[in-house]
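# Please find the sequence and the predicted model below.
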Amino acid sequence: MERYCTICGKITAKKNESLFVCQAGHENWINPAIGSSVFVVDGDMVLYGVRSNNPGKGKLDLPGGFIEVGETAEQAAIREAKEELGIDIALIDFLGTYTDTYNGRPCLNLSFIAKSVGGKVVAGDDMGGGDPVWRHVDNLPSSDQQAAKWFDVAQQDFVEWWRARMR
């Protein structure tokens, strides 16, 4: 697929996975979109929503989404939990970073762990594909039940975190 310079419109040449340069020397960087997500815990249970849209329509999903301009990853995680699951959360810890793609766009996901501190769990925004569900830490969704590929690694990290701190 040909890419065109965002400055002059000329065809670019690929220098590496993130950099395309046109004949005029303009650099066109393709950086990942940054997202924020959260594992909401209550004891040994984790809260998931059900996606109402593709990708992952009908599959279990963590509350999360793209970080808005001027917003921190922490603020985005708190906002997304409210928009998608109707709850207020308090962040407990930072879990890690995970790469993936979303509709072909490279993404970097920053994932947190939180507890609910208010509100009523109710599906909202793009989590309206079904009623939110609590899953036991020993029975988290399998790969084919999850809305995103990166959840496998994040869930493994989460289980390790939970066993080290919550038991």
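Cool, the structure landed. Residues are numbered from 1 along each chain as shown.

# Quick check: closest non-adjacent residue to residue 62.
Once flanking residues are discounted, residue 62 sits nearest to residue 37: 4.5 Å by Cβ to Cβ, 6 or more residues apart in numbering. In this view, the C-beta of every residue, glycine as well, is placed from N, C-alpha and C.

# okay, that neighbour: pLDDT?
At residue 37, the pLDDT value in this model is 97.

# how about residue 90, secondary structure?
strand (DSSP: H, G, I helix; E, B strand; the rest coil).

# Let me know whether it touches residue 117 as I believe.
Yes. Residue 90 lies in contact with residue 117 (Cβ atoms under 8 Å); the separation is 4.8 Å.

# Where does pLDDT dip in the chain?
Residues of the chain meeting the criterion pLDDT under 70: 1, 167.

# Can you pull the domain assignment for it?
Under the assignment automatic domain parsing, the domains of the chain span 1-30, 33-165.

# so which of those domains is the most packed in?
Among those, the stretch with the highest mean neighbour count (mean count of other Cβ atoms under 10 Å) is domain 33-165, at a mean of 17.

# Now do that one: distance from first to last residue.
Using Cα to Cα, to the nearest Å, one end of domain 33-165 lies 31 Å from the other.

# Could you give the separation of it from the chain centroid?
Domain 33-165 has its C-alpha centroid displaced from the chain centroid by 6 Å (Cα atoms, centre = their mean, to the nearest Å).

# Show residues contacting stretch 52-66.
33-40, 47-51, 76-77, 80-81, 83-85, 102-103, 109, 111, 123, 126-130, 133, 135, 141, 145-148, 151, 154 (Cβ atoms under 8 Å, 6 or more residues apart in numbering).

# The same query, at a cut-off of 6 Å, please.
For stretch 52-66, the surrounding residues in contact (Cβ atoms under 6 Å, 6 or more residues apart in numbering) are 33, 35-38, 48-49, 51, 80-81, 84-85, 126, 128-129, 141, 145-147.

# mind checking the longest helix of the chain?
helix 151-165 (DSSP state H).

# Please name every helix or strand in contact with that helix.
For helix 151-165, the elements it packs on are strand 87-102, judged by 3 or more Cβ pairs under 6 Å, 6 or more residues apart in numbering; DSSP states H and E.

# got the angle between the strand it packs on and helix 151-165?
Relative orientation of strand 87-102 versus helix 151-165 (axes from the mean of the first three to the mean of the last three Cα atoms, to 10 degrees): 140 degrees.

# Check which element follows strand 87-102 along the chain.
The helix or strand immediately downstream of strand 87-102 is strand 105-119, counting by DSSP states H and E.
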